[in-house]
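K.L.:
Turn this into a model:
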Amino acid sequence: MSNSFNADAWVDAALASAGLRRTAATLALARLFARGDEAMLAHAQVEQLLAAEGLKVNRVTLYRLLDRFAAAGLLRRTVDAQRVSRFVRSSQEGGPAPRFECDDCHRQFRLADDSQKLNDAARQVLQVLEAAGHEGHTIDVSVHGRCAGCATDAAPRSAS
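P.N.:
Residues are numbered from 1 along each chain as shown. Predicted coordinates for the structure are as follows:
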């Protein structure tokens with residue numbers, strides 16, 4: 001995460017660009033993702049974190065807010081192998097947000113998205129698509145495997 005990130009400015013810009021009113025729920029959700037935590041959060045996790053801060057948000061309202069933030073490009077939504085939607089604040093550059101998903105516990109870990117090589121590769125993919133007449137909008141890079149916690153807790157997998 002860049003040290004120059006201004007969470008308060010992001011919250012203001014996020015709500016303005018999404019056309020959302022400044023309700024307790026929208027402010028809390030924006031602040032939650034503005035904190036700089038790179039964890040990819042499922043709906044239930046967001047609900048728990050907000051509740052821990054003393055804010056009870058209706059589940060349907062929370063689903064709608066997460067969808068609106070994602071539609072506005074403020075959050076990046078991914079769907080894991082268990083078909084659970086997870087959200088993380090979009091990178092400032094709008095480039096690929098590479099992530100690692102553990103095939104055992106299905107937790108997702110966002111990888112550093114400041115890699116110039118990865119951004120260059122993403123641009124090349126978009127250029128190839130454009131040359132073929134397609135319009136690429138986003139690139140989603142996902143690596144699957146076993147996280148450090150699961151790898152040390154479980155027996156090694158066979159190569160079969």
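K.L.:
what element comes up after the least confident helix or strand in the chain by mean pLDDT heading to the C-terminus?
P.N.:
Each helix and strand of the chain was given a mean pLDDT (mean pLDDT, DSSP states H and E); the minimum falls on strand 108-110 at a mean of 71. Sequence order places helix 116-131 as the next helix or strand after strand 108-110, per DSSP states H and E.
K.L.:
Give me the domain ranges for the chain.
P.N.:
For the chain, automatic domain parsing gives the domain ranges 1-89, 91-160.
K.L.:
Please look at residue 77 and residue 84 and confirm they touch.
P.N.:
No - the criterion here is CB atoms under 8 Å, and residue 77 misses it with residue 84 at 10.7 Å. Any C-beta I mention is one placed from the backbone N, CA and C, and that applies to glycine too.
K.L.:
Please name the residues that touch the closest residue to residue 41 other than its chain neighbours.
P.N.:
What sits nearest to residue 41 in space, not counting adjacent residues and going by CB to CB, 6 or more residues apart in numbering, is residue 87, at 5.5 Å. Residue 87 makes contact with 33, 40-42, 46, 66, 69-70, 75-77, according to CB atoms under 8 Å, 6 or more residues apart in numbering.
K.L.:
related to what we said a few turns ago, pick the most buried one from the domains of the chain.
P.N.:
The highest mean neighbour count among the domains of the chain, using mean count of other CB atoms under 10 Å, belongs to domain 1-89: a mean of 16.
K.L.:
got a pLDDT number for residue 154?
P.N.:
Turning to residue 154, the model gives it a pLDDT of 63.
K.L.:
Worst mean pLDDT among the domains of the chain?
P.N.:
Lowest mean pLDDT within those: domain 91-160, at a mean of 74.
K.L.:
what pairs with the residue nearest the centre of the chain across the strands?
P.N.:
Central residue of the chain (CA atoms, centre = their mean): residue 88, 2.4 Å from the mean position. Counting by DSSP bridges, residue 88 is bridged to residue 76.
K.L.:
Helices along the protein, start to end?
P.N.:
Applying DSSP state H to the chain gives helices spanning 7-18, 24-34, 43-52, 59-71, 116-131, 148-153.
K.L.:
now what about the shortest one, what contacts it?
P.N.:
So the one you mean is helix 148-153. 102, 104-105.
K.L.:
wait, which of these is closest to residue 147?
P.N.:
Checking those against residue 147 by CB to CB gives residue 102 as the nearest, at 3.8 Å.
K.L.:
picking up where we left off before, which single one of the contacts of residue 87 is nearest to residue 15?
P.N.:
Of all the contacts of residue 87, the one with the least separation from residue 15 (CB to CB) is residue 69, at 9.4 Å.
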